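Engineer: 3D model of this:
(one chain, ligands or ions: 2)
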Amino acid sequence: MNILILGGGGREHSLAWAVMQNPKCDKLIVAPGNAGIAQIAECASLDAEDGGAVVTFAEENAIDFVIVGPEAPLAAGVADRLRAAGILVFGPSEAAARLEASKSFTKEVCDAAQAPTAGYGHFTDAQAAKDYVRSNGAPIVVKADGLAAGKGVIVAMDEATALAAIDDMFGGAFGGAGAEVVIEEFMEGEEASLFVLCDGEEILSIGTAQDHKRVGEGDTGPNTGGMGAYSPAPVLSPEIEARAMEEIVKPTMRVMAERGTPYQGVLYVGLMIKDGQPRLVEYNVRFGDPECQVLMMRLGAQALDLMQAAAEGRLKEAQVNWADDHAITVVMAAAGYPGSYAKGTEIKGLAALPEDSMNMVFHAGTKASADKILANGGRVLNVTARGQNLREARDRAYAMVDQIDWPEGFVRRDIGWRAL
Ligand code: AMP
Ligand code: GLY
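Structural biologist: Ligands and ions are numbered 1, 2, ... in the order given. Take a look at the predicted model:
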């Protein structure tokens, strides 16, 4: 089977790593890929959001199966174009990708599905939005409706912050994404994510994870794309997972099918858990980054079989073979991230590290230059390890971190603390 993965971050490196272990994979191309991915697969430059270009590329390279990593190509309808061309693809249609691309759409679907989530209002003008904030009071959460690269959510602990966020959003701070605004009840509890494969009808859980969004130790400081993650998430007990599947995921999938837009791909179910009750925070229509890295570490080669079964509508006969294991990933970021940071600093010591089913350094933002690996982004490496328990996995991951010679990089030393 010839496979094309769209994307070029740590998530796609881990997908490529898992896919390459499956003997079914004859050839793997990742577009655009990165320096780490180039060590295990062919990389190609291709505009992943241009459906026509992706179809042409897939045809010219005799691709049998396309796996879409990030949300932007999905929201741009790339999966629809591939399906129309008769090419097997893992990832939802543009219409189903609205579960991530529009917060108000997701809220409507939750209403129809009677899925537990935060109460909300949906606004197209600032005045009505502000009245809603004034009558509900803080804390309250203000969200740009559209895709805003993870930055369109303001958790306002006081009213003034919420009102300022409304002005920013309608003032164009998030471009078109902020032309409509959703304002939500603030939910308390512990956050965790559930990852579910869907084939339009059937659903299959493939694991749970928790990430650390804040840059600083003890979960302090500014928000980031994620500084580390671990799987499984102990807070998502089998009982709570079953409730989330029954009360949230299944009814949502039923509503999507009834609307004529069945969902196929992976669904990232962001949950807030309090007193044993899960409530939906958000859906994403892709794997999380860096949550994917820990899931792939645990699933290995079977990840390809599972994604293929979802794409072919065969999830009913699929099952996950679980090892009773734990995985963790520690993000190495460039000093200054999530603010401004330097690119092009050299990372040494990677070649000496183990690369096996227990230890992997996935590249998130790197570039090769001659025989050197250079940092080429904010989040640069995902140092990932597996163990019989979380402590063992964590100790392995930090032992690798300590062997990496990159003075311009930093990590959080406390990834996994909640679970440990
Ligand atoms: P989202 O992009 O919707 O996941 O929001 C980003 C982050 O904001 C989430 O991971 C939560 O930590 C927080 N958040 C979003 N919505 C709420 C809510 N209704 N109550 C509390 N926190 C929230
Ligand atoms: N790590 C959070 C996300 O991928 O959205």
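Engineer: near ligand 1, which residues of the stretch 1-150 of the chain show up?
Structural biologist: Residues of the stretch 1-150 of the chain lying near ligand 1 by C-beta under 6 Å from any ligand atom: 118, 141. C-beta here means a position set from N, CA and C on the backbone, and glycine is covered the same way.
Engineer: In the stretch 1-150 of the chain, mark out all the helices, start to finish.
Structural biologist: 10-20, 51-60, 71-75, 78-84, 98-101, 103-113, 126-136 (DSSP state H, counting those that start in this stretch).
Engineer: Point out the most buried one among those.
Structural biologist: helix 10-20 (a mean of 28; mean count of other C-beta atoms under 10 Å).
Engineer: how far out from the middle of the chain is that one?
Structural biologist: Centroid separation between helix 10-20 and its chain, computed with C-alpha atoms, centre = their mean, to the nearest Å, is 13 Å.
Engineer: Could you list every helix and strand that it packs against?
Structural biologist: Applying 3 or more C-beta pairs under 8 Å, 6 or more residues apart in numbering; DSSP states H and E, one finds that helix 10-20 contacts strand 2-7, strand 27-32, helix 291-299, helix 302-311, strand 359-363, strand 379-387.
Engineer: could I get that helix in PDB with only the CA atoms?
Structural biologist: C-alpha atoms of helix 10-20 as PDB (Å, rounded to 0.1, in the frame of the first residue of the first chain):
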ATOM      1  CA  GLY A  10       5.400  16.000  15.600                       C
ATOM      2  CA  ARG A  11       2.000  14.500  15.100                       C
ATOM      3  CA  GLU A  12       2.800  13.600  11.600                       C
ATOM      4  CA  HIS A  13       6.200  12.200  12.500                       C
ATOM      5  CA  SER A  14       4.500   9.900  15.000                       C
ATOM      6  CA  LEU A  15       1.900   8.900  12.500                       C
ATOM      7  CA  ALA A  16       4.600   8.200   9.900                       C
ATOM      8  CA  TRP A  17       6.600   6.200  12.500                       C
ATOM      9  CA  ALA A  18       3.600   4.000  13.300                       C
ATOM     10  CA  VAL A  19       2.600   3.500   9.700                       C
ATOM     11  CA  MET A  20       6.200   2.500   8.700                       C
END
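Engineer: That helix near ligand 2 at all?
Structural biologist: No: judged by C-beta under 6 Å from any ligand atom, helix 10-20 stays clear of ligand 2, getting no closer than 7.7 Å.
Engineer: quick one: that helix to strand 2-7, angle?
Structural biologist: 170 degrees (axes from the mean of the first three to the mean of the last three C-alpha atoms, to 10 degrees).
Engineer: one step back: adding mean pLDDT, write the helices of the stretch 1-150 of the chain out as CSV.
Structural biologist: Conversion of the helices of the stretch 1-150 of the chain to CSV gives the following (pLDDT from 0 to 100):
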stretch, mean pLDDT
helix 10-20, 98
helix 51-60, 98
helix 71-75, 97
helix 78-84, 98
helix 98-101, 96
helix 103-113, 97
helix 126-136, 95
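Engineer: and L295, which of those is closest to it?
Structural biologist: Closest to L295 of the helices of the stretch 1-150 of the chain is helix 10-20 (C-beta to C-beta; 7.9 Å).
Engineer: Could you check the angle that closest one makes with helix 302-311?
Structural biologist: Using the same axes, to 10 degrees: helix 10-20 against helix 302-311 is 100 degrees.
Engineer: count of neighbours near N22?
Structural biologist: N22: 17 surrounding residues under other C-beta atoms under 10 Å.
Engineer: right, and it touches L304 too?
Structural biologist: Yes: between N22 and L304 there is a contact under C-beta atoms under 8 Å: 4.2 Å.
Engineer: So for the residue nearest the centre of the chain, what's the pLDDT?
Structural biologist: Nearest to the geometric centre of the chain sits G288, at 1.5 Å (C-alpha atoms, centre = their mean). pLDDT for G288: 96.
Engineer: What of G33?
Structural biologist: 96.
Engineer: a strand runs through the residue nearest to the centre of the chain, doesn't it?
Structural biologist: No: according to DSSP: H, G, I helix; E, B strand; the rest coil, G288 belongs to no strand; its state is coil.
Engineer: Now do the contacts for it.
Structural biologist: 11, 193, 195, 209, 211, 226, 229, 268 (C-beta atoms under 8 Å, 6 or more residues apart in numbering).
Engineer: Out of those, give me the two with the largest separation.
Structural biologist: Largest separation among those by C-beta to C-beta: F195 and G226, giving 14.3 Å.
Engineer: Help me confirm that S205 is found in a strand?
Structural biologist: Yes: assessed with three-state DSSP, S205 lies in a strand.
Engineer: Out of the contacts of G288, which is nearest to T345?
Structural biologist: G226 (21.3 Å).
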